[in-house]
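Colleague: after the sequence you'll find the predicted model.
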Amino acid sequence: MHSARKIILAVVLVILPGLLACEPDIPEPIWKGERLHHGTTTSEPICRGSFHRQEQHAVQLAELVGVELDEIIRYTRVADRDELAEYCEGMKADGCAHGDEPYAFSIRSFHFHEITHAVMNSAGIEGPRPFAEGFAEVFADGAGYRTEHTLLDQVLHNFKFDARDYQTAGLFARFLLDRHGLDRYLLFLRAADSRATFVEFSAVFEDIFDEPIEQAMADFEAYPSCREMSNRIALVDCSLPLAPWDGRVVTLTADVACDQDDVLGPAQDDVMFTTRGFEVTEAGNYLVIASQPEGWSGFRVVKCGSCLDSFDEEVQPGEITSHDLTPGRYYVLFGRRTDEPATLGLAVGRQ
């Protein structure tokens, strides 16, 4: 009898450490900034802008919401969703962030959505799932192309980890930020429990925003749907130095190579990209022309606004297109394949 107990105890002692340490260790960083460390479990190359610009995003977001980054954010790129599940309590998704530690994990080289969660979690700011995820979508990196979205009522009652639910949550979060301001939105996230049901957070909503949630939901029905690039608040891209105008023309150029500190990637299809900013002061019709080097190039002009004044247009290399632009800040995305670096240019001229 005693021998049997000893055998059982020995087996328990052998398997217990594995049960307690089911989450793998976070790999050592391959890059260390002042506020963010970037690690990876893969041997795939990562463009330097994925380090620098993610840290810039974290710092600017922390300043915006008024929190101190007391701990280093640890961002880890993993191989795939199966490996991500090992770090994220079994969740097979594109990314996750730990609620009690400044850790973010993703299958992408950069993932501003998860960096946003890490910043908010570090300050103990979470809130109900639809509002926390919506806030992170507002400060995402613009990767989402869809405009299809789930009905808001469904998202608020039963949020799902589905791209259409994220689209709706992001749109509603931006709608509330524009309607009531950042301070009230943050106050709501702090006041409402992360596990609150619709009935529970509705009472907090009315107390913070001075209107019933049903009224906000009804008014949201008229809010336009646009791609993530227009709905987001692009902290880094919309605070870039502005390219100067030379008379009626502004010319923007970028060295798109993975070893540049402002080039993010690789993204989908091994694309790397960077951005440059310019400002329009007079409404009118403008001509846009992009350079045409050998190989694939991608150009996209985006206004720093919202779905209410969205401008998000792709420009084909070598083509001249005409666009009506309204006053405000804009940024241009310059994209190349990671194995085909090049200097790209785009010019905007007032007609």
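Modeller: That came through, no problem. Quantities reported herein were computed from a predicted structural model and do not represent experimental measurements.

Colleague: which residues in the stretch 151-300 of the chain form strands?
Modeller: Secondary structure of the stretch 151-300 of the chain, counting by DSSP state E, counting those that start in this stretch: strands at 245-246, 249-256, 271-280, 284-290, 297-303.

Colleague: helix/strand/coil for the residue lying closest to Tyr103 once chain neighbours are set aside?
Modeller: Nearest in space to Tyr103, with sequence neighbours left out and distances taken as CB to CB, 6 or more residues apart in numbering, is Arg74 at 4.9 Å. Where you see a C-beta, it was placed from the backbone N, CA and C, and this is true even at glycine. Using DSSP: H, G, I helix; E, B strand; the rest coil as the criterion, the local structure at Arg74 reads strand.

Colleague: also the one 5 residues further on?
Modeller: Following three-state DSSP, Ala79 is assigned to coil.

Colleague: give me phi/psi at it?
Modeller: In terms of degrees, to the nearest 10, the main-chain angles of Ala79 are phi -70, psi -40.

Colleague: so what's it up against?
Modeller: Residues near Ala79 by CB atoms under 8 Å, 6 or more residues apart in numbering: 41-42, 107.

Colleague: need the residues you listed in JSON lines (columns: secondary structure).
Modeller: What follows is these, written out as JSON lines (three-state DSSP):
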{"residue": "Thr41", "secondary structure": "coil"}
{"residue": "Thr42", "secondary structure": "coil"}
{"residue": "Ile107", "secondary structure": "coil"}
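
Colleague: which of those count as buried?
Modeller: 41, 107 (16 or more other CB atoms under 10 Å).

Colleague: okay, the contacts of Ala79 in CSV with distance to Ala97 next?
Modeller: CSV is the format used below for the contacts of Ala79 (distance: CB to CB, whole Å):
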residue, distance to Ala97
Thr41, 17
Thr42, 19
Ile107, 14
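
Colleague: mind checking which of the strands of the stretch 151-300 of the chain is nearest Phe172?
Modeller: Shortest distance between Phe172 and the strands of the stretch 151-300 of the chain, using CB to CB, is found for strand 297-303: 20.9 Å.

Colleague: which residue is the nearest non-sequential neighbour of the residue nearest in space to the middle of the chain?
Modeller: By CA atoms, centre = their mean, the chain has its centre lying nearest to Ala140, at 1.8 Å. In space, and not counting its chain neighbours, Ala140 is closest to His113: 4.3 Å by CB to CB, 6+ apart.

Colleague: equivalent analysis for Asp259, please.
Modeller: Excluding its sequence neighbours, the residue lying closest to Asp259 (CB to CB, 6+ apart) is Arg48, at 6.0 Å.

Colleague: OK, contacts around the one you found?
Modeller: For Arg48, the set of contacting residues under the criterion of CB under 8 Å, 6+ apart consists of 31, 258-261, 263.

Colleague: and if you look at Leu333?
Modeller: With contact taken as CB under 8 Å, 6+ apart, Leu333 is in contact with 273-275, 298-302.

Colleague: out of the residues you listed, the closest to Phe198 would be?
Modeller: Relative to Phe198, the closest of the contacts of Leu333 is Val302; by CB to CB it sits at 33.9 Å.

Colleague: show the contacting residues for that closest one.
Modeller: Neighbouring residues of Val302 by CB under 8 Å, 6+ apart: 142, 229-230, 234, 237, 311-312, 330-333.

Colleague: same question for Asn285.
Modeller: Neighbouring residues of Asn285 by CB under 8 Å, 6+ apart: 322-325, 350-351.

Colleague: just Phe311 next, same as before
Modeller: With contacts taken as CB under 8 Å, 6+ apart, Phe311 has the following neighbours: 230, 301-303, 305, 323, 325-326, 330.

Colleague: and if you look at Cys47?
Modeller: Counting by CB under 8 Å, 6+ apart, Cys47 has contacts 109, 258-260, 263-266, 272, 338.

Colleague: A helix includes it, no?
Modeller: No: for Cys47, which was evaluated using three-state DSSP, the result is coil, with no helix membership.
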